[in-house]
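Undergrad: Predicted model, plus sequence, below.
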Amino acid sequence: CTVMVNGRRINACLTLACMHDGDEVTTIEGIGAPGNLSPLQEAFVSEDGFQCGYCTPGQICSATAMLEEIAEGWPSHVTDDLSGKPALTTEEIAERMSGNLCRCSAYPNIVEAIRKAAGESA
């Protein structure tokens, strides 16, 4: 149930819509569209980062905001160097995406899709 509110990811299931009156709420539909996918959506397709598709909208919303957090230098619990931009390691991605569950276990493909969209390689 991850969406972005004013560019930051939140769990929509844990907030009330009335709390966000006037806020910019972005769901998966606001990230891309058929024929005009975002780079992250394209990477999810090319890296097979989804299986049943149930969690995919939340994964993509969360990853979109997560990549912005990294670009802004936000550390996470596993960030080694707090003085620079966090490295996009598998451990870093796993920590930052830990709130998004995938019952089909597409995690390795999701991580690769995120790395691909960020221009990183394994």
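TA: Thanks, I have the structure now.
Undergrad: What strand or helix carries the residue nearest the centre of the chain?
TA: With distances taken as C-alpha atoms, centre = their mean, the residue of the chain nearest its centroid is A63 (1.0 Å). For A63, the host element (DSSP states H and E) is helix 56-71.
Undergrad: which stretches of the chain form helices?
TA: Remark: helices assigned in the chain by DSSP state H are 39-46, 56-71, 90-96, 107-117.
Undergrad: Local confidence estimate at the residue lying closest to E68 once chain neighbours are set aside?
TA: In this structure, E68 finds its nearest non-sequential neighbour in G7, 6.6 Å apart by C-beta to C-beta, 6 or more residues apart in numbering. Every C-beta, even on glycine, is put in place using the N, C-alpha and C of the backbone. As predicted, G7 sits at a pLDDT of 94.
Undergrad: OK, contacts around G7?
TA: Counting by C-beta atoms under 8 Å, 6 or more residues apart in numbering, G7 makes contact with E24, T26, A65, E68.
Undergrad: ok, M97 to T15 distance?
TA: Distance of M97 to T15, given as C-beta to C-beta, to the nearest Å: 20 Å.
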